[in-house]
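Trainee: When you get a sec, could you give me coordinates for this:
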Amino acid sequence: MAFFKSDDILQQLGNRTLEATWSKFPQLTPDQLALTWIVYDSPVIANTGGAISAEEFWKHSVRGFSYRGIERIYPASIVKLFYLVAIHEWLEGKMTPESEELNRAIRDMVVNSSNDATSLVVDVLTGTTSGPELSADPFDTWQRQRNIINRYFKSLGWEGLAAINVNQKTWCDGPYGRERVFVGKMMENRNMLTTNAVAQLLYSIVGGVAVSSKRSQQMMELLKRNLTSKDFKVTEEENQVIGFLGEGLPPNAQLWSKAGWTSQVRHDAAYIQIPGCQPYLLVIFTEGQNSKNKAIIPFISQEIVKAIAHL
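Mentor: Here you go, the predicted structure:
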């Protein structure tokens, strides 16, 4: 059962968005797209700054629409949202000390989507390091340690997190040594997420109940994107706006997001506020060769903006 409730109006608008997308991009097959869309009704339970407890927060129902929202898909850098929450949990619980280098890595992992920075964060979270292959017993211990992040998220008891896997680093060229063995010969142990799981995690951050109110606000600060920068270039992916959800928004919108992309996937997850409209949360995963098309996600974003105007 999803953390949101189905709604006839959102179902109609969501299906209309999907139909418009497939009409515009007929080469995009139905199994190459997954989407979760959450709409915040008044009173908006977002950016609460700790005004309500986590227990009270989860009692509030929220409307949503999902298409293939429970399908397990390789998330690319979207997984860094999970490492962001986990490292704040570790810091809050004094499981690891705060340091200037760790704070720099956390920031670069989210703001710039740095894989090198993510490597350090995963090392700190798990007490493991990359390196040459290990013999059987040390490797068993290493694997148990690396899976501590999975155990943490399963301990939250969210049904939508039951099927996820978040135990791998993110790479530019790919894993080597013990990391390559760990991911499996057929990549069967690679990171896997669903759009519903990502939406629920982002929903908790936006709501101020991920780890703590203060730490949720710190996470939101890192996720904030600038839609008016004159430095953006169409060929520059690193800004996580061009070619993603932010490109399909009006300039007066506010955006908090984390994108992820490889040669085979292109994803984005965002919380969006547009003046005069209800705030909403949108997670889109695209797969296959069509994921190289940088126009798909901005188009869906534009269609959702049109749909939100009808609410």
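
Trainee: low-confidence ranges in the stretch 151-300 of the chain?
Mentor: Along the stretch 151-300 of the chain, the model assigns pLDDT under 70 to residues 230-238.

Trainee: let's go with 90 and repeat that
Mentor: 228-239, 289-292 (pLDDT under 90).

Trainee: so where do the helices sit in it?
Mentor: All helices of the stretch 151-300 of the chain, identified by DSSP state H, counting those that start in this stretch, fall at 178-183, 195-206, 213-223, 296-308.

Trainee: Next, format these as JSON lines and append mean neighbour count and distance to Leu28.
Mentor: Backbone N, C-alpha and C define where each C-beta goes, glycine included. Conversion of the helices of the stretch 151-300 of the chain to JSON lines gives the following (neighbours: other Cβ atoms under 10 Å; distance: least, Cβ to Cβ, whole Å):
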{"stretch": "helix 178-183", "mean neighbour count": "18", "distance to Leu28": "28"}
{"stretch": "helix 195-206", "mean neighbour count": "26", "distance to Leu28": "16"}
{"stretch": "helix 213-223", "mean neighbour count": "18", "distance to Leu28": "27"}
{"stretch": "helix 296-308", "mean neighbour count": "20", "distance to Leu28": "6"}
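
Trainee: So for Leu33, which of these sits nearest?
Mentor: Evaluated with Cβ to Cβ, these place helix 296-308 nearest to Leu33, the distance being 8.2 Å.

Trainee: For Glu98, give me its contacts.
Mentor: Residues counted as contacts of Glu98 (Cβ atoms under 8 Å, 6 or more residues apart in numbering) are Leu91.

Trainee: Can you pull up the most central residue in the chain?
Mentor: Note on the chain: the residue nearest the mean C-alpha position is Ile78, at 4.0 Å, using Cα atoms, centre = their mean.

Trainee: Name the nearest residue to that one, sequence neighbours excluded.
Mentor: The shortest distance from Ile78 to any residue other than its chain neighbours is 4.0 Å, reached at Gly260 (Cβ to Cβ, 6 or more residues apart in numbering).

Trainee: give me the beta-bridge partners of that neighbour?
Mentor: Residues in a beta bridge with Gly260, per DSSP bridges, are His267.

Trainee: doesn't Thr286 make contact with it?
Mentor: No: with contact defined as Cβ atoms under 8 Å, Gly260 does not count as touching Thr286 (10.6 Å).

Trainee: re the thing from before, does the residue nearest to the centre of the chain belong to a helix, a strand or coil?
Mentor: Applying DSSP: H, G, I helix; E, B strand; the rest coil to Ile78 yields a three-state assignment of helix.

Trainee: mind checking how far it is from Ala199?
Mentor: Using Cβ to Cβ, to the nearest Å, Ile78 is found at 11 Å from Ala199.

Trainee: who touches both of those two?
Mentor: What both Ile78 and Ala199 touch, as defined by Cβ under 8 Å, 6+ apart, is the set Ala269.

Trainee: thinking again about what came up before, contacts only, for the residue nearest to Ile78.
Mentor: With contacts defined as Cβ under 8 Å, 6+ apart, Gly260 is in contact with 75-80, 113, 266-268.

Trainee: mind listing what's buried in the host helix or strand of Ala20?
Mentor: Element membership for Ala20, per DSSP states H and E: helix 8-24. Residues 10, 13-14, 17-18, 20-21 are the ones in helix 8-24 that count as buried (16 or more other Cβ atoms under 10 Å).

Trainee: Among those residues, which one sits closest to Lys214?
Mentor: For Lys214, the nearest member of these is Leu10. The distance, counting by Cβ to Cβ, is 32.3 Å.
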